[in-house]
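Participant: sequence and predicted structure are below.
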Amino acid sequence: MIEKRLEELCSLFDTELERQHDVLALCRSQGEAARTHDVECLNAKTMALEILFRDSLEAEPERHRLLHEVVAYYDLPREKQTLTDLIAVAPEPWRRRLGEFQSGLRSTLDEIRRAVRGNAGIMRRSLRRINLFLRLLGGPDEGRANDYDARGSEPAPSSLRPVVIDQRG
């Protein structure tokens, strides 16, 4: 009976690890799309990530149910109900499979974190450039003391000051 539960749990963990590999690939693709300013691709990768996150959340209750059954079988005390402690008591070949899942998930999540941090940096730099270009093209100046109308009671309507004028003037 426990062998069947361990097999099911390992199978669910294998599926989750594959899903996280897909998340990593999509995060890397998002970074490339952000670097090349491919908004369409960026949006498509973001939608695909949303689907993977939803799938992972939907699979979580079944993983937890099986994990609780296995932990209960081995009668692990509450403070020892971790994957590391389960690996320590599980027989082979599940010990090896659970260990491979644990190390694979750790390294994949570390890579995902690095990719997300890198992507955030790219997007922040892009946003700063966009804001700079908007200011250079004559966007409204914010926070100036003379932003009020002649009576001083209402904010003055913002206006765009043309910075670039074509040949016709």
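Facilitator: Everything's here; your move.

Participant: point out where this protein drops to low pLDDT.
Facilitator: 139-169 (pLDDT under 70).

Participant: need the single longest helix in it, by residues.
Facilitator: Looking across the chain with DSSP state H, the single longest helix is helix 94-136.

Participant: elements contacting that one?
Facilitator: helix 2-35, helix 83-89 (3 or more CB pairs under 8 Å, 6 or more residues apart in numbering; DSSP states H and E). Where C-beta positions appear, they are placed from N, C-alpha and C, glycine not excepted.

Participant: what sits against the residue nearest the centre of the chain?
Facilitator: In the chain, the C-alpha nearest the mean C-alpha coordinate belongs to V116, at 6.1 Å (CA atoms, centre = their mean). Counting by CB atoms under 8 Å, 6 or more residues apart in numbering, V116 touches C27.

Participant: select, out of the helices and strands packed on helix 94-136, the one closest to G138.
Facilitator: Closest to G138 of the helices and strands packed on helix 94-136, according to CB to CB: helix 2-35, at 26.7 Å.

Participant: what's the following helix or strand after that closest one?
Facilitator: Using DSSP states H and E, the helix or strand that follows helix 2-35 towards the C-terminus is helix 39-73.

Participant: and that following helix with helix 2-35, angle?
Facilitator: Relative orientation of helix 39-73 versus helix 2-35 (axes from the mean of the first three to the mean of the last three CA atoms, to 10 degrees): 160 degrees.

Participant: in helix 39-73, what counts as buried?
Facilitator: By neighbour count, with 16 or more other CB atoms under 10 Å as the criterion, the buried positions of helix 39-73 are 42, 45, 48-49, 63, 66-67, 70-71.

Participant: may I see those arranged in CSV, with distance to F133 as well?
Facilitator: Listed next are those as CSV, based on distance: CB to CB, whole Å:
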residue, distance to F133
L42, 19
K45, 25
A48, 30
L49, 28
R63, 47
L66, 53
L67, 51
V70, 57
V71, 56
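
Participant: among the residues you listed, which one lies nearest to L109?
Facilitator: L49 (14.4 Å).
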